[in-house]
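A.B. asks: What follows is a protein structure lacking sequence information:
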């Protein structure tokens, strides 16, 4: 198996068996995002413990890219501070838009599987949908 196949496998795994799927009833925030061009939707619930993101869950519909990105994002953001979340958002957005040189792939973990999205401009918004909702959430904190 080559690296491209592995990345494809990770994306499909998160799409078929998403992590942190659901709603946090006592969440600090419930937010929604929608991509009007393709119909992808994400509903996010977040629970902070002080300055740290304690729990994050999502529900949504859409393509494999948007749903896998949301699943991988929830795994990566748990336990991070708002400052760390902002750095991850910047790194991820830079990676999928192709605007980030010298990317710290260690910090992104499995999210590097979505690096190829930068070659498909119409899919960038799919990959970024959940991340834009997280940006809204931390702006409210």
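C.D. replies: Received it, and whenever you're ready, just let me know what you need. Treat the numbers as computed from the prediction; the structure is a model and nothing was measured.

A.B. asks: all strands for this protein, in order.
C.D. replies: 29-34, 41-49, 52-61 (DSSP state E).

A.B. asks: possible to save those as CSV with mean pLDDT, mean neighbour count and distance to residue 81?
C.D. replies: For glycine as for every other residue, the C-beta is placed from the backbone atoms N, C-alpha and C. As requested, the strands of the chain are exported to CSV (pLDDT from 0 to 100; neighbours: other C-beta atoms under 10 Å; distance: least, C-beta to C-beta, whole Å):
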stretch, mean pLDDT, mean neighbour count, distance to residue 81
strand 29-34, 94, 16, 16
strand 41-49, 95, 19, 10
strand 52-61, 95, 18, 6
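
A.B. asks: angle of the lengthiest helix in the chain against strand 41-49?
C.D. replies: In the chain, taking DSSP state H as the definition, the longest helix is helix 121-139. Counting by axes from the mean of the first three to the mean of the last three C-alpha atoms, to 10 degrees, helix 121-139 lies at 30 degrees to strand 41-49.

A.B. asks: If you count neighbours, what's buried in helix 121-139?
C.D. replies: Using 16 or more other C-beta atoms under 10 Å as the test for burial, helix 121-139 gives 123-135, 137-138.

A.B. asks: which regions of the protein lie under the pLDDT threshold?
C.D. replies: For the chain, applying pLDDT under 70 flags the ranges 1-7, 101-105.

A.B. asks: can you rerun that using 80?
C.D. replies: Residue ranges of the chain with pLDDT under 80: 1-7, 100-106, 141.

A.B. asks: contacts for stretch 79-98?
C.D. replies: Stretch 79-98 is touched from outside by 51-54, 73, 76-77, 99-100, 103-104, 107-108, 111-112, 114-115, 117-119, 124, 127-128, 131, 134-135, 138, 141, with contacts defined as C-beta atoms under 8 Å, 6 or more residues apart in numbering.

A.B. asks: if we go to 6 Å?
C.D. replies: Contact with stretch 79-98 is made by 51-53, 77, 100, 103, 108, 111, 114-115, 117-118, 124, 127, 131, 135, 138, as judged by C-beta atoms under 6 Å, 6 or more residues apart in numbering.

A.B. asks: what's the straight distance from one end of stretch 74-85 to the other?
C.D. replies: The first residue of stretch 74-85 is 11 Å away from its last residue (C-alpha to C-alpha, to the nearest Å).
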